[in-house]
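> everything below, folded, please.
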Amino acid sequence: MEILTILVVALLLFVALVFSPLGLGGGVLFVPIFLYLLDWEVQEAVIGSLTLVFMVALGSSLSHKSSGHADSTVANAGRITAIPSAVIGTVLASVLLANLGSVSIKIFAALILIFVLERTISRMRQENPEEEPEPDFQPLKKKYQLGTSFAGIASGILGIGGGAILVTLNRSLLQMDAHKAAGTSYMVGSTIVPVALVSHIILDGVAGDLYNTVGLLGTVVVPLLAFICALFGAKVAIKHISKNLVTIVFLVAVSLSLFRYFVDFYSMIS
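Coordinates of the predicted model:
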């Protein structure tokens, strides 16, 4: 096995571990890793990312739910609009690639990363030791479902789980604490991501070539290890790791990913 392959696998598993308590599947970093370290095409990077995001969401969802840090009622309501939106996002991705090229996807990804950074930093600045009580969900249901629709579209276009949007909704709109916001986000993500994944496999037609590239290791072993890392990481983080520490690591990782996109944009215009 080449050194680069070992490095990439280790990096992917590290992302799964670090992102597991955040409510994010890691797609904002998985896609750039595939694009810039392995030189994959956008369609291949999206399918690879969605596969790993699903495993992270599934593993972390199990940990959060078993610990009582998830709201099934809210998650089920969010899935109603997020699942069909993931299919819409997949179709939009095909349209964007066909008409505007991969740069359009990268621009959208960069905008999502900027949104993630702004929301995360804003939450850190406004963090109050005394959590506000959660409001009644029913009056906010339609607004919440509108937000989860956007999360589904982002999942289909970018190969992410939409967790940045979902966590922001859970924290700002529903006033959930950090762990409950993450757990509920993963419950929604674990259902919309496989829809986006299957949609991309059907529409993009690159799954066969991708399997020939990654083989059994990339298709089965790495996703399984990502699931284990997410399951373990979420359990440990819920009990022992400071949320602020994990958030700082997350901010650094996302900032580096955004920087890499900017370097790519600069190379296009220079």
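
> got a list of contacts for stretch 107-114?
28, 31-32, 96, 154, 157-158, 160, 164, 254, 257-258, 261-262, 265 (C-beta atoms under 8 Å, 6 or more residues apart in numbering). Bear in mind the C-beta positions are built from the backbone N, C-alpha and C, glycine included.

> ok, 6 Å please
28, 158, 254, 258, 261 (C-beta atoms under 6 Å, 6 or more residues apart in numbering).

> out of those, which sit inside helices?
When DSSP state H is applied, the contacts of stretch 107-114 are split such that 28, 158, 254, 258, 261 fall in helices.

> now do the contacts for the fourth one.
If I follow you right, that is Leu258. Residues in contact with Leu258 (C-beta under 6 Å, 6+ apart) are Leu113.

> if we can go back for a sec, of the contacts of stretch 107-114, just say which sits nearest to Gly59.
Using C-beta to C-beta, Val28 comes nearest to Gly59 of the contacts of stretch 107-114, at 17.8 Å.

> TSV for the ones in helices among the contacts of stretch 107-114, including distance to Val42 and pLDDT?
Formatted as TSV, those follow (distance: C-beta to C-beta, whole Å; pLDDT from 0 to 100):
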residue	distance to Val42	pLDDT
Val28	15	78
Leu158	10	80
Val254	19	76
Leu258	17	83
Tyr261	13	81
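
> element containing the residue nearest to Gly163 when sequence neighbours are not counted, please.
Spatial nearest neighbour of Gly163, excluding adjacent residues (C-beta to C-beta, 6 or more residues apart in numbering): Leu24 at 3.7 Å. For Leu24, there is no host helix or strand (DSSP states H and E).

> buried stuff in stretch 248-258?
Of all the residues in stretch 248-258, those buried under the rule 16 or more other C-beta atoms under 10 Å are 250, 253-254, 257-258.

> hmm, back to that, include distance to Arg171 when you put the ones in helices among the contacts of stretch 107-114 into TSV, please.
Below are the ones in helices among the contacts of stretch 107-114 laid out as TSV (distance: C-beta to C-beta, whole Å):
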residue	distance to Arg171
Val28	17
Leu158	21
Val254	17
Leu258	21
Tyr261	25
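
> of these, closest to Asp71?
Val28 (23.9 Å).

> return the residues in contact with that closest one.
Contacts for Val28 were tallied using C-beta under 6 Å, 6+ apart; they are 113, 160, 254.

> using a markdown table, lay out the residues you listed together with distance to Leu52.
As requested, those are arranged in a markdown table below (distance: C-beta to C-beta, whole Å):
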| residue | distance to Leu52 |
| --- | --- |
| Leu113 | 17 |
| Ile160 | 11 |
| Val254 | 16 |
